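**Q** give the three-dimensional model of this entry:
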Amino acid sequence: QVQVAESGGGLVQPGGSLRLSCTLSGRTFSDYFMAWFRQAPGKEREFVAVISRNGILTNYADSAKGRFTISRDNNKNIASLQMNSLKPEDTAVYYCAARLGRLGQLPRLEREYEYWGQGTQVTVSS
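**A** Residues are numbered from 1 along each chain as shown. As a prediction, the model looks like this:
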């Protein structure tokens, strides 16, 4: 059984930091691209960041560049999203997603991902 599980969400003040973690079980973690998406209230789910199988390549949404960092540890089967300088507009449910690796560009579209977690709430508020 394949399972994607996120952790690390919570309430943080504007300007603060949070680190989200994601695990993939039931598959060989290092075979998969890992990505983060988010969905704010009343909005569609949107791409945040993606990382290649070996962790060398990354791609970010414009809203995440310079503030968020995606990483992975293939020895521990964990992907992470370090979020700094958080803003109220970063408030959303954050989802981790996995897609079997392939040649070509890192995938940024929801429909390209096979497995999804249940999401973790991030609230940025004073």
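
**Q** please count neighbours and contacts with C-alpha atoms only from this point.
**A** Noted.

**Q** from Ala5, how far out is the residue nearest the centre of the chain?
**A** Centrality entry for the chain: nearest residue to the mean C-alpha point is Trp36, 2.2 Å, by Cα atoms, centre = their mean. As judged by Cα to Cα, to the nearest Å, Trp36 and Ala5 stand 12 Å apart.

**Q** mutual contacts of the two, please.
**A** Taking Cα atoms under 8 Å, 6 or more residues apart in numbering as the contact rule, Trp36 and Ala5 both touch Cys96.

**Q** elements contacting the particular helix or strand that has Ala49 in it?
**A** In this assignment (DSSP states H and E), Ala49 forms part of strand 46-51. The helices and strands touching strand 46-51, judged by 3 or more Cα pairs under 8 Å, 6 or more residues apart in numbering; DSSP states H and E, are strand 32-39, strand 58-60, strand 68-73.

**Q** just how off-centre is the first one within its chain?
**A** With Cα atoms, centre = their mean, to the nearest Å as the basis, strand 32-39 stands 4 Å off its chain's centre.

**Q** please begin residue numbering at 65 from this point
**A** Shifting the count to begin at 65 puts that one at strand 96-103.

**Q** tell me which strands and helices that strand is in contact with?
**A** strand 110-115, strand 156-164.

**Q** which of those sits closest to Leu75?
**A** Among the helices and strands packed on strand 96-103, the nearest to Leu75 by Cα to Cα is strand 156-164 (10.9 Å).

**Q** that closest one pairs with which strands, parallel or anti?
**A** Paired neighbours of strand 156-164 in the sheet (DSSP bridges): strand 96-103 (antiparallel), strand 179-180 (antiparallel), strand 184-188 (antiparallel).

**Q** any idea how far Ser71 is from the nearest residue to Leu82 once chain neighbours are set aside?
**A** What sits nearest to Leu82 in space, not counting adjacent residues and going by Cα to Cα, 6 or more residues apart in numbering, is Met147, at 5.2 Å. Going from Met147 to Ser71 by Cα to Cα gives 13 Å.

**Q** sweet, I'm off.
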